[in-house]
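S.K.: Give me a model of this one.
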Amino acid sequence: TDLETIGTVTTSDARINWLLDAVKRNVRGNAMSVMTDVCQRDERRGWLMDGCTGFKAGLLFYDMATLARKWVEDMIDNQEAEGSLRGDTAPVWFPCKSVGWQRALVLVPMAIYECCGDRGLLERAFPHMCRYADYLLANLEDDLLPAGFSRHPVEWLCIGKPNDQIGDNAVAVDALRKVAQAAEVVGESGARYVAAAERMAAAAHARWARKGADSFGGDGGQGYAQSNQVYGLRFGLAAADVRQDVFDNLVFDLMQARGDGPFVTTGIGSTEHLPIVLSEHGRDDIVWQWLQRDAYPGYGFMQRHGATAIWECWEQRVDDGMNAHNHTGLSGIGTWLMQYLVGIRVESGAEPIFHLRPAVHLPLASLDARWQSRWGEVEIKWGTTDDGKRLAVTIPPGCRGRLALANETVRELGAGRHEMVGEQP
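M.R.: The predicted structure is shown next:
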């Protein structure tokens, strides 16, 4: 866990700079042979979902590959005969078998492959990923994991009343799809996992989506939870005929239902995915408003109260309970910062493709990011001039880039440095 720094980001916005630094401290503070949930208080356990959230956030800043190889070996050692895992590693605390935590065995090797092109770790983990996927499939009832399947709900420390069964099935669908993707990389067939994931998604849609209800998994009111909507939208449980209604209702709940918004109620399972859902639907502006907000609940509220890392809870806890002020659970915003603010996503392969989506359309005057990929340095930099924003990107040798700016056609880029100027630019 002597993590090498491979990425630096500085911006013209003090709050964004604070958030970048806070996420970095979360990662460094909890990289302890495995990724832990918290380094501050008396728990300090290798909880897999919390740690995996921090692990993915760390990919923007650090070379996480060596840690990943060691950590995945711990997960493999932790795997039981039927394919399941306990929710924590090194040491095992108690038998908390829960999908949200167990799926780290799938997510970590895939994240390293997608970010770094490391086939070796994927090949090592693949048989165990399949054993875990088969364990999920063996426990389906009418193509869904039953209520109460997980001992610990995936949507932990949220504000509101999530549907735990929706959370379990959403992240299980995601895990099955990723196992299928891994199969393709290692030259195996993942068709049965794709088919099973689609059956589960269809069953979830039939169970929890109703045309005209405007929400997924409930009728609104006290039964409404932002996390249900996020899971439905992010993992395809809400099918095309209801997706826009579900999204519109999510935006209403964020922005208006509780007064001055955005008011976010998600917990550690879905907070990583909420800003991604908003950005994928063209609402980066809501994410930006939330990150600039210093009222409860949000990261700005933490900063206003002196935080130097991301807290365990949205509340400012100073009691003897879940009061950690350096905890990986809510650090999932780091994934959005990498993929939707800086705008770097890697498609590994013989000729790697860097999918670039820099958020030059947001009210951020300048950003300077450098990320040392396995193939060479990627640079994304913009500043504001009298002619608009000047954007420069650099693609490593032997690689290609695809630049997607808001409301523009995707541009194909070759290796080297590219500069553009314009209003957006």
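
S.K.: Which single helix of this structure contains the most residues?
M.R.: Counting residues, the longest helix in the chain under DSSP state H turns out to be helix 164-186.

S.K.: Show me what counts as buried in that helix.
M.R.: 164-183, 185 (16 or more other C-beta atoms under 10 Å). To be clear about C-beta, it is placed using only N, CA and C from the backbone, and glycine gets the same treatment.

S.K.: for it, packing partners?
M.R.: When contacts are defined as 3 or more C-beta pairs under 8 Å, 6 or more residues apart in numbering; DSSP states H and E, helix 164-186 packs onto helix 99-102, helix 104-116, helix 119-138, helix 191-208, helix 226-234.

S.K.: what about V421, which helix or strand?
M.R.: strand 416-422 (DSSP states H and E).

S.K.: tell me what that strand is packed against?
M.R.: strand 388-395.

S.K.: could you check the angle strand 416-422 makes with the strand it packs on?
M.R.: Interaxial angle of strand 388-395 relative to strand 416-422 (axes from the mean of the first three to the mean of the last three C-alpha atoms, to 10 degrees): 170 degrees.

S.K.: buried set for strand 388-395?
M.R.: Buried, per 16+ other C-beta under 10 Å, within strand 388-395: 389-395.

S.K.: same deal with stretch 202-221?
M.R.: In stretch 202-221, counting by 16+ other C-beta under 10 Å, buried: 203-205, 207-210, 213-218.

S.K.: same deal with stretch 291-301?
M.R.: In stretch 291-301, the ones that count as buried by 16+ other C-beta under 10 Å are 291, 293, 296-301.

S.K.: Just those: which are in helices?
M.R.: Checking those against DSSP H, those in helices are 291, 299-301.

S.K.: Nearest to V23 among the residues you listed?
M.R.: Checking these against V23 by C-beta to C-beta gives Y299 as the nearest, at 9.3 Å.

S.K.: correct me, but the closest one touches W311?
M.R.: No - Y299 lies out of contact with W311 (C-beta atoms under 8 Å); the separation is 9.0 Å.

S.K.: Check which helices and strands the lengthiest strand in the chain is in contact with.
M.R.: Identified as the longest strand of the chain according to DSSP state E is strand 376-385. Contact partners of strand 376-385 among helices and strands, from 3+ C-beta pairs under 8 Å, 6+ apart: strand 367-373, strand 388-395.

S.K.: distance of P358 from H305?
M.R.: Using C-beta to C-beta, to the nearest Å, P358 is found at 31 Å from H305.

S.K.: Output the buried residues of stretch 202-221 as CSV; include the columns pLDDT and distance to K70.
M.R.: Compiled in CSV, these are given as follows (pLDDT from 0 to 100; distance: C-beta to C-beta, whole Å):
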residue, pLDDT, distance to K70
A203, 97, 37
A204, 97, 35
H205, 96, 39
R207, 94, 40
W208, 93, 39
A209, 91, 41
R210, 76, 46
A213, 75, 46
D214, 79, 46
S215, 85, 42
F216, 91, 38
G217, 84, 38
G218, 65, 41
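
S.K.: From the residues you listed, pick the one nearest G329.
M.R.: Among the buried residues of stretch 202-221, G217 lies closest to G329 (C-beta to C-beta), at 22.0 Å.

S.K.: tell me the contacts of the nearest residue to the closest one once chain neighbours are set aside?
M.R.: Using C-beta to C-beta, 6 or more residues apart in numbering and skipping residues adjacent in sequence, the residue nearest G217 is N228, 3.7 Å away. Residues near N228 by C-beta atoms under 8 Å, 6 or more residues apart in numbering: 162-163, 166, 208, 215-218.

S.K.: Of the buried residues of strand 388-395, just say which sits nearest to Q372.
M.R.: So of these, ranked by how close each gets to Q372 (C-beta to C-beta), first place is T394, at 11.6 Å.
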